[in-house]
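# A predicted structure for the sequence below; I have some questions about it.
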Amino acid sequence: METRHAEIETRIAHEGARPRPDDAAIAKMKLEKLHLKEEMERLRRAH
């Protein structure tokens, strides 16, 4: 999960660096990243 989280962060950075970034795509990726972070936190608390 942490690898996927980092991959999404990289994709967000690349999209943001484009001359005309796709704001909808960035928002979707940020939401996906947030869900992964929440899931990682939930799993950490369960152990």
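Perfect, thanks for sending it.

# so what does the helix or strand harbouring residue 45 touch, helix or strand wise?
Per DSSP states H and E, residue 45 falls inside helix 23-46. For helix 23-46, the packing partners by 3 or more C-beta pairs under 8 Å, 6 or more residues apart in numbering; DSSP states H and E come out as helix 2-17. Glycine gets a C-beta too; all of them are placed from N, C-alpha and C.

# Now the helix it packs on: buried residues?
5, 8, 12 (16 or more other C-beta atoms under 10 Å).

# so what's the residue most central in space within the chain up against?
Of all residues in the chain, the one closest to the mean position by C-alpha atoms, centre = their mean is residue 33, 2.6 Å from it. Going by C-beta atoms under 8 Å, 6 or more residues apart in numbering, residue 33 touches 5, 8, 9, 12.

# one more time with 7 Å
5, 8, 9 (C-beta atoms under 7 Å, 6 or more residues apart in numbering).

# quick one: pLDDT of the first one?
Pointing back at residue 5 there. Looking at residue 5, its pLDDT stands at 94.

# What residues does it make contact with?
Here residue 5 is in contact with 33, 36, 37 (C-beta under 7 Å, 6+ apart).

# cool, and the last one?
Contact criterion C-beta under 7 Å, 6+ apart gives residue 33 as the residues in contact with residue 9.

# Check the gap between it and residue 30 for me.
9 Å (C-beta to C-beta, to the nearest Å).

# Ok, the first one next?
Distance check for residue 5 against residue 30: by C-beta to C-beta, it reads 11 Å.
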